[in-house]
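*Asks:* Just the structure for this:
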Amino acid sequence: ARVQTLLLIAGASFIAFIVAEMTVSTPLMDLQLFRQPTYSLLCVVNCGNIMGLMLAFFLTPLMLQRLLGLTPIHAGLILVPGAVAWGVIGVMGGKLSDQADGRLVLTVSFVATIWVLLQMATITLETSAPTLTLYVMLLFASTALSFTPINVMGMRTLPEPSLRMGMSMMTLLRGLSSVIAVAVLALVLENRQLYHIQMLAQEQSQHMLEVSPILDRLHALFGFWGDGRDMAAYKAMATLNNRLHTHAAVRAYQECYIGLALSYVALLLPVWALHRRYTVPVQAPTSAAGNG
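*Replies:* Sure thing, here's the model as predicted:
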């Protein structure tokens, strides 16, 4: 009830904020900028990109530690090459955005991100650490390529008097989107895991003839290690149940990565809906006096 009350208060406050911003003479946010189609599309791309980015960066360390059982130090070492790739590719993205069509740069970034996310959707408990490191590095590199083009396209879209306001609004939307994304992902991940637990439990109950030999072998193993009859039976069932939860979690994480890939596919549509003249650098004319 407390959470629902806070959500209602937040929704009412948001509506009141929009009404106030549209009526006061000096608004904190100039909502009139959203009447420009190109700027609105850029905000959609910006929010979608940061949501996908935050979801991927939140999901990956969580999977490495909770699912694969890595320590925080080991998980951090797997993420280090990705951070290095982010710094290198981020600089390259800035240079490309000054020389090429921003839509093309974003398309390359999003397509590469889609491919990497689909590869990460194949991660299982048997995936090796070098493979995980490679996927993480490629994910950081592909997403780093998209940040600068979005900012550059935003600056070329807005008139100079509205530049500061427009870029500040994009930054604000980016922060709000990242917070919402993490909350939504946590909810989706938990629901999908519970769904797969129920489905796997049903499959297990329907195939007890195949499960019984496994329980018998586990029971004999724990008995060999010194456990009593009841304790050995309890540990055998707990081991099988833990395995079931682990496989349910694997499927949930895989589905989340596939969902992220589909979200980037959807982002390709607003990218190419942008007008080309907003995404190509404008060369400053060379004056005769300057040549002299």
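
*Asks:* Give me the distance from the helix or strand where D230 lies to the chain's centre.
*Replies:* Assigned by DSSP states H and E, D230 falls within helix 229-273. Relative to the chain's own centre, helix 229-273 is displaced by 15 Å; criterion: Cα atoms, centre = their mean, to the nearest Å.

*Asks:* so what's T143 closest to, chain neighbours aside?
*Replies:* Leaving aside its sequence neighbours, T143 sits nearest to L53 (Cβ to Cβ, 6 or more residues apart in numbering; 5.1 Å). To be clear about C-beta, it is placed using only N, CA and C from the backbone, and glycine gets the same treatment.

*Asks:* burial of the one you found, as a residue count?
*Replies:* 23 (other Cβ atoms under 10 Å).

*Asks:* and it, helix, strand or coil?
*Replies:* L53 falls in the helix class when you classify it by DSSP: H, G, I helix; E, B strand; the rest coil.

*Asks:* list the buried ones in stretch 53-71?
*Replies:* Buried positions in stretch 53-71, judged by neighbour count with 16 or more other Cβ atoms under 10 Å: 53-64, 67-68, 70.

*Asks:* Of the residues you listed, just say which sits nearest to M92.
*Replies:* Nearest to M92 among those is L53, at 17.2 Å by Cβ to Cβ.

*Asks:* tell me the contacts of the closest residue to M63 other than its chain neighbours?
*Replies:* Setting aside the residues directly before and after it, M63 is nearest to Y253 in space (Cβ to Cβ, 6+ apart), at 5.1 Å. Going by Cβ atoms under 8 Å, 6 or more residues apart in numbering, Y253 touches 59, 63, 67, 123, 189.

*Asks:* any chance of those residues in TSV, plus secondary structure?
*Replies:* TSV is the format used below for those (three-state DSSP):
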residue	secondary structure
L59	helix
M63	helix
L67	helix
I123	coil
L189	helix
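
*Asks:* of all those, which comes closest to F147?
*Replies:* L59 (19.2 Å).

*Asks:* I'd say G259 and R192 touch.
*Replies:* No: using Cβ atoms under 8 Å, G259 makes no contact with R192, being 9.2 Å away.

*Asks:* which of the two has more neighbours?
*Replies:* R192 (19 against 16).

*Asks:* Spit out the contact partners of the residue nearest to L42 when sequence neighbours are not counted.
*Replies:* Once flanking residues are discounted, L42 sits nearest to G154: 5.2 Å by Cβ to Cβ, 6+ apart. Neighbour list for G154: 39, 42, 46, 166-167, 170 [criterion: Cβ under 8 Å, 6+ apart].

*Asks:* Relative to L269, how far out is G154?
*Replies:* Distance, G154 to L269, by Cβ to Cβ, to the nearest Å: 18 Å.

*Asks:* cool, E255 as well?
*Replies:* 23 Å.

*Asks:* Of these two, give the one with the bigger neighbour count.
*Replies:* Shown here are E255 and L269; by other Cβ under 10 Å, E255 has more neighbours (17 against 11).

*Asks:* pretty sure A248 contacts E190?
*Replies:* No: counting by Cβ under 8 Å, A248 stays clear of E190, with 11.0 Å between them.

*Asks:* ok, those two, which is more surrounded?
*Replies:* Counted by other Cβ under 10 Å, A248 and E190 do not tie: A248 has more neighbours, with 20 against 11.

*Asks:* Just give the closest residue to the more buried one, not the sequence neighbours.
*Replies:* Nearest residue to A248, sequence neighbours excluded (Cβ to Cβ, 6+ apart): H196, at 3.7 Å.
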